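Asker: need the 3D shape of this:
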Amino acid sequence: MSLPLSIDRAGPGVRALWAELDGNRLAWAFRAYECFVQSLSPEIRERLAHKGHQDEAYVVVFGNTQVGKTTLLMDLMGVSADAMGRVSAVLRGGRESGKSATATAMEYRRSPDQRWGLRVKLKEETHWFDDDSAITLALGDLRKAMERRDLVADEPCVVSIPADCFAQSADQEPAVRMLDLPGDKPSNPTEQAHVHEMARRYVPLADLILLVGRGDSLAFLQPGNLTLPGIEDWQTVPRRFRIITTFSFLAESVRELVRQHHGPADASMYRARLIEQIERFGPLSKEARTPELYFPLEFGASWLATKEKSPDLYERVQPMLDELKRQLHEDIRASTTQRARLEGAVDAHVVIARVRENKKKEAKATLKTLYQQRKAKKGDQLAAKNVAERVGEECQRMKCRLSMLTETRLGQELEKHCTLSPIQLGDPDKTVSGFKWLIATAKSSLARRLEACRINGADLKDTAWFWRGIRVSHHAGTVSKILEDVFGGFEERLDGYVLDKYWRTEEGSDYQEDQVRLRRCIRAAESALVETVRGWWLDAAQRHLVACQNELKEMEMKHESWLQQIEEMNGPILEMKRKSEKCLERFREIAQDLAEDMEKSQRFISLLDNQYLAELQQRRQAILTEERAEKAFVHLLAAVQLKQVREQLLLCKEPASA
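Answerer: Sure, this is the predicted structure:
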């Protein structure tokens, strides 16, 4: 905040007063921070013992196994190149290469002398070791005890590295303490709870947090792969973090990129490329895209081998790597200033609490969505069950009906109900032509009545549904042939008469015999026709029965298909239930963490507010008691600036400079 020109010309006394007030614009916040530190537990205060001074940095390193964390933290602490192999072998605790050596949260610091030190718990004394084999054995036993769950460490184990393992140049650098967090996806819930507790308690204390991963496996920065408290939300407060990639220049694609650009390697280009590669897995926030947060590095035996195999590549890239490491050391140094630690405390205890509140809302919304999706799926499954039930009932009903339909029963029903009504004929009038007329009339009547010779569903009870589905076509040619065959002989006899009129009609006469013959022909025709029609109906019934049986099979297949769909629906429903339970568990964890974070946050905010109000009251008092108007106005400007500084600090913005 610049001083107005008119006041600036008022005199050196006014300018000096402004310089003093402006220089102390954050003094109230520093006092609040010191009060907050003093309110913490002894164990936490022990880790903050040097926070009031710029002589020791506290850096948290997080990354999965075999990404080069150990080499990185030793390099940043200032371990000499000659001692790298020795220190690395000891810290592995006798565990072979390729397997995780971090049993719990481990804090590494510089020993005051040439001995190794190990302290497992805060209240215990540090055990000192004169030779490497003894400390290696002790670290191996520590890992075994952790794996057997014989030892539950409530705080990081502290390993002190002998002073003679550090390069002489490290004496001029601020001392660095490294907290190495194990991966956040342990094999069992107990270890997972332990790792989360370590992160929740100690990540907020860090001056700087290093997220370490391989340059050829950048998915480690995805939200789902970072679940530890204080780390999962790194994009919200990225200034507390640095992204370190190891094995950054071993891939052939990167080496080819180096070859394509002549001259010394340019860090800005590789940082931009790294950000681009990371965003393939998801967008970064605006603040998280700051290039200065990213450090594509190489170190260790694999990179030293490049010096012999590809000396040109090594010579072009190594100067850039040295500069990036220098910048990283500078970032660590800058993070230990009083101002940086104050802002880190605001980030850790105020912003993260807000972030957790947002995550709680997100988890609640996700849980609601999962419940709605699961409800919809269960609704679909219930609808499918209703359909399957209806189809199943239809199948059962069809089975019961078809079980009654035997060929014998069909034939019996045809015999009973498929009949011809009696034919009524007139008198032949005692003439041959009269008989011929009666024959013609009988044929016509039989043909007409044959259409009515069918099964009437109304006459049946259990099988009416079946017969209603049958249609029979009468074959006129077959009917004509039957009638001709039956009446043909009688008609030939009549054609053989010379006279048309019968002279004798008494019993035993031709007239009486022809009447008997006519009745016999009619009965024979009726019998033949009924038998033929019944045959037609029986054939049609058998075909219809086969169709019904096929329809039943289709219904059964349909029913089975619905049952299979219902069974398949169980998978997504159970998966959504599992996700809902997991989300609910996560929601409860967030709520619990939020309650603790909010308690700390409110305590910190209250301390800030108390000190702010006290400072503001002091400025007001100065305004009222100041005799000179110019100086009173300066105190007023300082009070206005105080309000701006507080708002910017709590919004995690850089306060305006004088």
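Asker: pLDDT at Lys51, what is it?
Answerer: pLDDT, the model's per-residue confidence, is 45 for Lys51.
Asker: same question for Thr625.
Answerer: Per-residue pLDDT puts Thr625 at 86.
Asker: average model confidence for stretch 587-598?
Answerer: Mean predicted confidence for stretch 587-598 is 72.
Asker: same check, this time on stretch 334-345
Answerer: The average pLDDT within stretch 334-345 is 79.
Asker: next one: stretch 59-67
Answerer: pLDDT averaged over stretch 59-67 gives 82.
Asker: then stretch 72-88?
Answerer: Computed over stretch 72-88, the average pLDDT equals 87.
Asker: got a list of contacts for it?
Answerer: Contact with stretch 72-88 is made by 59, 61, 70-71, 108, 110, 132, 161, 164-167, 169-170, 173, 176, 178, 180, 210, 212, 244, 246, 297, 299, 325, 328-329, 332, as judged by C-beta atoms under 8 Å, 6 or more residues apart in numbering. For every residue, glycine as well, the C-beta is placed using N, CA and C.
Asker: what is the burial count for Ala288?
Answerer: By the criterion of other C-beta atoms under 10 Å, Ala288 has 21 neighbours.
Asker: next one: phi and psi at it?
Answerer: Ala288 adopts backbone torsions of phi -70, psi -10, taken as degrees, to the nearest 10.
Asker: next one: the one 10 residues further on
Answerer: The main-chain torsion angles of Glu298 are listed as degrees, to the nearest 10 and equal phi -140, psi 140.
Asker: same question for the one 4 residues further on.
Answerer: With angles defined as degrees, to the nearest 10, Ser302 sits at phi -60, psi -40.
Asker: does the closest residue to it other than its chain neighbours count as helix, strand or coil?
Answerer: Spatial nearest neighbour of Ser302, chain neighbours left out: Leu250 (6.4 Å); criterion: C-beta to C-beta, 6 or more residues apart in numbering. Under the three-state scheme (DSSP: H, G, I helix; E, B strand; the rest coil), Leu250 adopts coil.
Asker: looking at it, Leu250 is touching Thr306, isn't it?
Answerer: Yes. At 7.4 Å, Leu250 counts as touching Thr306 under the criterion of C-beta atoms under 8 Å.
Asker: and for the two, which residues touch both?
Answerer: Applying C-beta under 8 Å, 6+ apart, one finds that Leu250 and Thr306 are jointly contacted by Glu298.
Asker: roughly how far does Leu250 sit from Gly263?
Answerer: 21 Å (C-beta to C-beta, to the nearest Å).
Asker: the two: which is more packed in?
Answerer: Leu250 (16 against 6).
Asker: so Pro572 touches Lys378, yeah?
Answerer: No. Counting by C-beta under 8 Å, Pro572 does not reach Lys378; the two are 10.1 Å apart.
Asker: count of neighbours near Asp132?
Answerer: Using other C-beta under 10 Å, Asp132 is surrounded by 14 other residues.
Asker: what pLDDT is listed against it?
Answerer: What the model reports as pLDDT for Asp132 is 91.
Asker: helix or strand for the closest residue to it other than its chain neighbours, which one?
Answerer: Nearest non-adjacent residue to Asp132, counting by C-beta to C-beta, 6+ apart: Val90, 5.2 Å away. Using DSSP states H and E, Val90 maps to helix 84-91.
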